[in-house]
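Enquirer: Sequence plus the predicted model coming up.
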Amino acid sequence: MSAFFLCFGCIGKDYIDDFVEPSVRINNPITGLQTSATHTYMATFFNNIGQPEDALILWSSSNESIVTVNEQGVATALAEGEATISASVTVGGSTIVDRNMLVVSPNETGNNEASNKSGTIMTTSGYELQGSFTLETNGNGLLLFINNDYKASSSLPGLFLYLTNNPNSVNGALEVGAVTTFQGAHSYVIQNIGINDYQYLLYWCKPFSVKVGQGQIN
Amino acid sequence: MTKYRLLLIIVLLFPGLFFGQWPRKSGNGYYKLSAWYLEADQHYTDTGKIEPNATRGQFNVNLYAEYGLTDRWNLVGYIPFFSRTYQNEIFSSTTNELITPGESINSIGDVDLGVTYSIFQKEKLAVSATLWLGLPTGNDSGGSDGSYQTGDGEFNQMLRVAAGTPFKIANNPSYAKIYVGYNNRTQNFSDGFRTGAELGIQFFNRLWIAGKLDIVQSLQNGSLSAQNNQGSIFANNVEFTGLGVEAAYYLTKKLGVSANYGGALDGRIIYASPSYAIGVFLDVK
């Protein structure tokens, strides 16, 4: 009798739909560049499960009389005006692109890389989860502020927060920590990552291995 | 109360009431060895909605026993001496890559011991009270993340009063039974109110078929929640309305086999999948 039931008590296999559209992302976009100055762009290709993957990235400028960019992504400002730098990857016959529009001026621009982002947290499940957040650079890491409008169900077991490039999976995601605040403002300090490294906040129930909610980082 | 604990209680309630509308006479007994199984890939949330989860399973082999110390006093016990909980491996459907390894733990489950007192027993009506003591003998924090549980880690006391009556349906022996109960729980778990009904009918002098309704309501008076109990699958305030059916066939006058099917019609913080059990029993009269 026990043997009969043990046949059903064996560990089986579950499959989760973790497909996302491949993307390329410029990791260090800027808004402006001083004439004659240079900026070395970096970009990452993310495959169909949101994982970084080596790929040939082609750089181009929309107006080479304003800005040029070489094969290594080094942009050089030539003259005052606006231009768009593109990073493109060709996958399976289709080309995916990320763009950065910048203004070239004779004035010093300083460090004008984006230093903060924000977004809205939304439930994707039957459990309550809502709120808004901001993300700010903090030395080598980030400060994640969850705002006062945040509320989450306290009935859900094992709720964890991740940063990820695939909102359907924690595979390759950065675990920020267990959720211990279920209402109101709070914050997280996240070390050794850049503000453009991840695209989503992901609320994940560990024991159930399911997504509870997400927030796109804009 | 953990989900697993709740489901074990469903198992407990079935044999405890089944064919036992009357307390056992002195020296008589009912002993049942069962294997019980549940696998679920969805659950009821705290608001009653059904949500998916990674496939988890629970399996146990248990012994249920009733023994008549006297005509009025019975000893009762439920011992899940082998209890297993597991979760499936999780793969990417895009790449077939293993994302989360499967995991399991095996241990003894939570043991329940109790005593039944026959308050009133006549030809057409029997009323009894049972005090169950739930012992935290299982594992309440197993596995890599503490969520693999074969027990709830708390000592609880449940008092249940049941009334049963025999009658005939189309000349077949039958019975009906109702009960109410209160489960006093510790370790910041909410107490629970329970009630239910059972209807059984005998065919061919050998086969019993019974249907059963169980309702569990949390009194919401425990402070345990995800805020202070991160590891638990289901921390507290489990509620459900469950329906089940059991068939028991007497191979001889004392020895028989049984099969059981049960599930939650609706619920809060409980798996939304049915459970199954098969067993052999000895009915000493």
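Expert: Cool, the structure landed.
Enquirer: Every contact and neighbour count from this point should use C-alpha atoms.
Expert: Noted.
Enquirer: Mind picking out the helix or strand in the chain with the poorest mean pLDDT?
Expert: Using chain A. Ranked by mean pLDDT, DSSP states H and E, the helix or strand of chain A with the weakest confidence is helix A:2-8, at a mean of 56.
Enquirer: How about residues contacting the helix or strand that comes right after that one?
Expert: Of the helices and strands lying after helix A:2-8 in sequence (DSSP states H and E), the nearest is strand A:13-16. Applying C-alpha atoms under 8 Å, 6 or more residues apart in numbering or on different chains, the contact partners of strand A:13-16 are B:54-55, B:88-93.
Enquirer: Okay, and residue B:51 sits in which element?
Expert: Counting by DSSP H and E, the element that carries residue B:51 is strand B:50-68.
Enquirer: now residue B:128
Expert: strand B:126-135.
Enquirer: which helices and strands does that strand pack with?
Expert: Using 3 or more C-alpha pairs under 8 Å, 6 or more residues apart in numbering or on different chains; DSSP states H and E, the elements in contact with strand B:126-135 are strand B:111-121, strand B:156-169.
Enquirer: CSV for the ones you listed, including distance to chain A and mean neighbour count?
Expert: Below are those laid out as CSV (distance: least, C-alpha to the nearest C-alpha, whole Å; neighbours: other C-alpha atoms under 10 Å in any protein chain shown):
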stretch, distance to chain A, mean neighbour count
strand B:111-121, 19, 18
strand B:156-169, 21, 18
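Enquirer: what stretches of chain B score poorly on pLDDT?
Expert: Within chain B, the ranges that satisfy pLDDT under 70 run B:1-21, B:225-235.
Enquirer: Can you tell me which helices and strands the helix or strand following the strand holding residue B:51 packs against?
Expert: Using DSSP H and E, the helix or strand that follows strand B:50-68 towards the C-terminus is strand B:73-87. Contacts defined by 3+ C-alpha pairs under 8 Å, 6+ apart place strand B:73-87 against strand B:50-68, strand B:103-107, strand B:111-121.
Enquirer: Dump those to TSV, plus distance to residue B:168.
Expert: Formatted as TSV, the helices and strands packed on strand B:73-87 follow (distance: least, C-alpha to C-alpha, whole Å):
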stretch	distance to residue B:168
strand B:50-68	25
strand B:103-107	44
strand B:111-121	18
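Enquirer: Nearest to residue B:142, out of the ones you listed?
Expert: Set against residue B:142 and scored by C-alpha to C-alpha, these come closest in strand B:103-107, at 6.7 Å.
Enquirer: If you count neighbours, what's buried in that closest one?
Expert: The neighbour-count check on strand B:103-107 (16 or more other C-alpha atoms under 10 Å in any protein chain shown) flags B:104-107 as buried.
Enquirer: picking that back up, adjacent strands (with direction) for the strand holding residue B:128?
Expert: Here strand B:126-135 is paired, per DSSP bridges, with strand B:111-121 (antiparallel), strand B:156-169 (antiparallel).
Enquirer: In that strand, which residues are buried?
Expert: If you call a residue buried by 16+ other C-alpha under 10 Å, then strand B:126-135 has these buried ones: B:126-135.
Enquirer: Output the set of residues of chain A in proximity to chain B.
Expert: Residues of chain A that fall close to chain B, judged by C-alpha under 8 Å from any C-alpha of the partner chain: A:1-2, A:5-6, A:8-19, A:48-49, A:125-127, A:154-159, A:171, A:180-182, A:207-210.
Enquirer: The same query, at a cut-off of 7 Å, please.
Expert: A:1-2, A:5, A:9, A:11-19, A:125-126, A:154-158, A:171, A:180, A:207-210 (C-alpha under 7 Å from any C-alpha of the partner chain).
Enquirer: Now restrict these to buried residues only.
Expert: In the residues of chain A next to chain B, burial by neighbour count holds for A:2, A:5, A:9, A:11, A:14-16, A:18-19, A:125-126, A:154-158, A:171, A:180, A:207-210, counting by 16+ other C-alpha under 10 Å.
Enquirer: And the strands in the stretch 151-285 of chain B, which stretches?
Expert: Secondary structure of the stretch 151-285 of chain B (DSSP state E, counting those that start in this stretch): strands located at B:156-169, B:172-184, B:192-203, B:207-218, B:239-250, B:255-268, B:270-271, B:275-284.
Enquirer: Tell me which of the helices and strands packed on strand B:73-87 lies nearest to residue B:264.
Expert: With distances scored as C-alpha to C-alpha, the stretch of the helices and strands packed on strand B:73-87 nearest to residue B:264 is strand B:50-68 (11.6 Å).
Enquirer: Return the set of residues that bridge with residue A:95.
Expert: For residue A:95, the beta-bridge partners are residue A:90 (DSSP bridges).
Enquirer: what do you get for residue B:115?
Expert: For residue B:115, the beta-bridge partners are residue B:75, residue B:131 (DSSP bridges).
Enquirer: separation between the residue with the largest distance to the centre of chain B and residue A:54?
Expert: Of all residues in chain B, residue B:95 sits farthest from the chain's C-alpha centroid, using C-alpha atoms, centre = their mean; the distance is 40.3 Å. Distance, residue B:95 to residue A:54, by C-alpha to C-alpha, to the nearest Å: 17 Å.
Enquirer: Over to residue A:21?
Expert: Per C-alpha to C-alpha, residue A:21 is found 16 Å from residue A:54.
Enquirer: cool, residue B:133 as well?
Expert: Using C-alpha to C-alpha, one obtains 61 Å as the distance from residue B:133 to residue A:54.
Enquirer: Next: residue A:96.
Expert: Applying C-alpha to C-alpha, the value for residue A:96 to residue A:54 is 14 Å.
Enquirer: In terms of neighbours, single out the busier of the two.
Expert: Neighbours per residue (other C-alpha atoms under 10 Å in any protein chain shown) separate residue A:96 from residue A:54, with residue A:96 holding more: 17 against 10.
Enquirer: Could you count how many residues lie near residue B:136?
Expert: 18.
Enquirer: repeat for residue A:141
Expert: 15.
Enquirer: so it bridges to which residues?
Expert: Here residue A:141 sits in beta bridges with residue A:138, as judged by DSSP bridges.
Enquirer: residue contacts, the closest residue to residue A:129 other than its chain neighbours?
Expert: Take residue A:129 and drop its neighbours on the chain: the residue closest to it by C-alpha to C-alpha, 6 or more residues apart in numbering or on different chains is residue A:152, 4.2 Å away. Going by C-alpha atoms under 7 Å, 6 or more residues apart in numbering or on different chains, residue A:152 touches A:128-130, A:182-183.
Enquirer: For residue A:152, report the pLDDT, please.
Expert: Note on residue A:152: pLDDT of 94.
Enquirer: What's the separation between it and residue A:86?
Expert: Using C-alpha to C-alpha, residue A:152 is found at 39 Å from residue A:86.
Enquirer: Next: residue B:236.
Expert: The gap separating residue B:236 from residue A:86 is 53 Å, by C-alpha to C-alpha.
Enquirer: Looking at the two, which one has more neighbours?
Expert: Taking other C-alpha under 10 Å, residue B:236 and residue A:86 do not tie; residue B:236 has more neighbours (29 against 22).
Enquirer: if I look at the more buried one, how far off is residue B:52?
Expert: Distance of residue B:236 to residue B:52, computed by C-alpha to C-alpha: 19 Å.
Enquirer: Kindly report the same for residue B:46.
Expert: As judged by C-alpha to C-alpha, residue B:46 and residue B:52 stand 13 Å apart.
Enquirer: higher neighbour count, the two?
Expert: residue B:46 (23 against 19).
Enquirer: give me every residue that touches that one.
Expert: Counting by C-alpha under 7 Å, 6+ apart, residue B:46 touches A:155, B:268-269.
Enquirer: same check, this time on residue B:151
Expert: Residues near residue B:151 by C-alpha under 7 Å, 6+ apart: B:5, B:109-110, B:136-140.
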